[in-house]
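Asks: this one's structure only:
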């Protein structure tokens, strides 16, 4: 049964150093507030999983939270590289980062396998790709009926899944909509889960086939308005494309990254203060 | 429309859009493939069905999306499915006619690298990685590739094959157990290349106005051949250019304000 609590309480009680953690959200509903809280609480040696690492994992990797990353596409969408991710892979900064690289279809199937309590996923894919050559996790299996050869990859079973959603009711049932990515599968594949939401409502009033995660598959629900920004929450706020572009310059250099991280994340008490600092800085720039 | 009035980038986008036919089901990557596919939708292919890996099916974005999961894709789609479903039922289910990909590097057999430059374990440049390209290149009935022509992109030998084209050429793709056609056209800002019968090596079929064989050769890392019937690409029509520029202009105006929610 989900408990309502602060994000700080949820992270401190449910995420431990060395855990395997998946923060999911495909461009939409990326749990930035939760990622910041992991950085603020100084989590270390995490094995991170995420299809599209995006800015939030760039920040966590640069802040030294991660020992390993399992992913399928690691870029700043529409902008370019994730510089902190590249610095970790190319120069071991701030620490070496082990990578387990898979394709989108593979990871999506691996989450499904995890949610379905299967040890591995079966898919058509990887034929002719060198990914199968460099990864011990990409193997083949023969169909017992036809003899056809198919790709087999291990299921994803995180210790903790963290997602952001639009709404939860007072009992902690969660409703999300729009681009859904693999969030439902991530929560059902994980041992523990945290959901941050835009708002708490008396009744979800969700249509019968809506994506609703019942309270009893979630551990913690946390009210964090704007908790997905600079990504977006469909029906609530838009993607801050300008921040995605600005991140390129902030993250390109270790020192400017460190200063930004201290000012915005380490020196702020929580995500609402982070948002105040962000908007204050934007106003200052506008006034100059 | 005279040549002076269009950039090589515009020519590339228009030429890529023209390779798509009305009514086709197209799995679209973000960036140039998405621009070209939407140009096709707004010109000669109004009934093209655009699928994005974030889950929108039948997306009709009014502006060019910056990211693969833009809200405008979901809002204008016929339906939005989860990421596992888009890959399992729709792509792997065999419902995609054309996979439309970009590339960081490409070789003469249209294999693509988007993973690393240099050694995989100690890369000189770490690129974003595979995304959905390894499965799109295998599971779509055929593939189009759009990539700007340069020596850095058109290389003699790839450091890493992320997504299969024709592998070592000839019937290597079929021998690797891949039944689909693979890349049927590679569109650049200088020309259009297609695989040669039998060898499956990319050869130039059409040269864009203003480009020359010499420049194309210079910017290609292998000894490039030209088809015996190589012709000049028809320049963009006034209508194609007008629609493309309008799309870019409207996207630039809205840039930074994003898409996907009500005004906050």
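Replies: Now that the structure is in, tell me what you want to look at. Everything quoted here is computed from the prediction, not taken from an experiment.

Asks: ok, residue B:8 touching residue B:207?
Replies: No: using CB atoms under 8 Å, residue B:8 makes no contact with residue B:207, being 11.6 Å away. No exception for glycine: its C-beta is placed from N, CA and C like everyone else's.

Asks: next, show the common contact partners of those two.
Replies: Applying CB atoms under 8 Å, 6 or more residues apart in numbering or on different chains, one finds that residue B:8 and residue B:207 are jointly contacted by residue B:190.

Asks: make sure residue A:10 is indeed in a helix.
Replies: Yes: with DSSP: H, G, I helix; E, B strand; the rest coil as the criterion, residue A:10 is located in a helix.

Asks: distance of it relative to residue A:215?
Replies: For residue A:10, the distance to residue A:215 equals 14 Å [CB to CB, to the nearest Å].

Asks: run through chain A and note the low-pLDDT ranges.
Replies: Within chain A, the ranges that satisfy pLDDT under 70 run A:282-288.

Asks: show me where chain B has its helices.
Replies: B:8-18, B:32-42, B:71-76, B:83-85, B:133-139, B:172-175, B:213-218, B:238-254 (DSSP state H).

Asks: and if you look at chain A?
Replies: Using DSSP H, the helices of chain A run over A:7-14, A:32-40, A:54-62, A:83-91, A:104-115, A:131-134, A:183-189, A:241-252, A:254-261, A:271-287.

Asks: tell me what the fourth one is packed against?
Replies: The contact analysis (3 or more CB pairs under 8 Å, 6 or more residues apart in numbering or on different chains; DSSP states H and E) places helix A:83-91 against helix A:54-62, helix A:241-252, helix A:254-261, strand B:123-126.

Asks: contacts for it, please.
Replies: With CB under 8 Å, 6+ apart, helix A:83-91 has contacts from A:53, A:57-59, A:61-62, A:66, A:69, A:74, A:93-97, A:99, A:248, A:251-252, A:254, A:257, B:123-126.

Asks: just the buried members of those residues?
Replies: A:53, A:57-59, A:61-62, A:66, A:69, A:74, A:93-94, A:97, A:99, A:251, A:257, B:123, B:126 (16 or more other CB atoms under 10 Å in any protein chain shown).

Asks: state the distance from the closest residue in space to residue B:184 that isn't next to it in sequence to residue B:204.
Replies: Computed as CB to CB, 6 or more residues apart in numbering or on different chains, the closest residue to residue B:184 that is not its neighbour in sequence is residue B:142, at 4.7 Å. For residue B:142, the distance to residue B:204 (CB to CB) stands at 19 Å.

Asks: who's more crowded, these two?
Replies: Neighbours of residue B:142 and residue B:204, each counted by other CB atoms under 10 Å in any protein chain shown, are more numerous for residue B:204; the result is 22 against 17.

Asks: count of neighbours near the residue of the stretch 151-288 of chain A found nearest chain B?
Replies: Across the stretch 151-288 of chain A, no residue is closer to chain B than residue A:238, which sits at 3.4 Å (CB to the nearest CB). Residue A:238 sits with 22 neighbouring residues when counted by other CB under 10 Å.

Asks: ditto for residue B:43
Replies: Residues within reach of residue B:43, counting by other CB under 10 Å, total 19.

Asks: and it, what does it touch?
Replies: Counting by CB under 8 Å, 6+ apart, residue B:43 has contacts B:17, B:239-240, B:243.

Asks: got the buried residues for stretch A:237-247?
Replies: Neighbour counts using 16+ other CB under 10 Å place A:237-241, A:243-245, A:247 of stretch A:237-247 among the buried residues.

Asks: reformat those as CSV; add distance to residue A:108.
Replies: Formatted as CSV, those follow (distance: CB to CB, whole Å):
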residue, distance to residue A:108
A:237, 26
A:238, 26
A:239, 22
A:240, 26
A:241, 25
A:243, 27
A:244, 23
A:245, 28
A:247, 26
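
Asks: quick one: residue A:56 and residue A:32 touch, right?
Replies: Yes: contact criterion CB under 8 Å: residue A:56 and residue A:32 qualify, at 5.3 Å.

Asks: any weak-confidence spans in the stretch 151-264 of chain B?
Replies: Along the stretch 151-264 of chain B, the parts satisfying pLDDT under 70 run over B:256-264.

Asks: any idea which residue of it lies closest to chain A?
Replies: residue B:164 (2.9 Å).

Asks: skip the chain neighbours and tell me the closest residue to that residue.
Replies: residue A:128 (2.9 Å).

Asks: count of neighbours near that neighbour?
Replies: 25.

Asks: from residue B:144, how far out is the closest residue to residue A:229 other than its chain neighbours?
Replies: Leaving aside its chain neighbours, residue A:229 sits nearest to residue A:240 (5.9 Å; criterion: CB to CB, 6+ apart). Residue A:240 is 32 Å from residue B:144, where distance means CB to CB.

Asks: ok, now residue B:213?
Replies: 23 Å.

Asks: now swap in residue B:60 and tell me
Replies: If you go by CB to CB, the gap between residue B:60 and residue B:144 works out to 20 Å.

Asks: ok, those two, which is more surrounded?
Replies: residue B:144 (21 against 18).

Asks: residues contacting the more buried one?
Replies: Residue B:144 sits in contact with B:16, B:19-20, B:33, B:98-101, B:183-187, where contact means CB under 8 Å, 6+ apart.

Asks: and what of residue A:9?
Replies: Contacts of residue A:9 (CB under 8 Å, 6+ apart): residue A:220.

Asks: I'd say the residue of the stretch 151-264 of chain B closest to chain A and residue B:139 touch.
Replies: No: here residue B:164 lies out of contact with residue B:139, judged by CB under 8 Å, at a distance of 11.1 Å.

Asks: if we can go back for a sec, tell me the most buried of the helices of chain B?
Replies: Highest mean neighbour count of the helices of chain B: helix B:133-139, a mean of 29 (counted as mean count of other CB atoms under 10 Å in any protein chain shown).

Asks: and residue B:79, how many neighbours?
Replies: 10.

Asks: run through the bridge partners of it.
Replies: residue B:57 (DSSP bridges).

Asks: from residue B:51, how far out is it?
Replies: On the measure of CB to CB, residue B:79 and residue B:51 end up 10 Å apart.

Asks: beta partners of the nearest residue to residue A:190 once chain neighbours are set aside?
Replies: Leaving aside its sequence neighbours, residue A:190 sits nearest to residue A:161 (CB to CB, 6+ apart; 3.6 Å). Beta bridges link residue A:161 to residue A:22, residue A:193, judged by DSSP bridges.

Asks: does residue A:161 touch residue A:181 like I think?
Replies: No: applying CB under 8 Å as the test, residue A:161 and residue A:181 come out as separate, 11.8 Å apart.

Asks: find the residues that touch each one of those two.
Replies: residue A:24.
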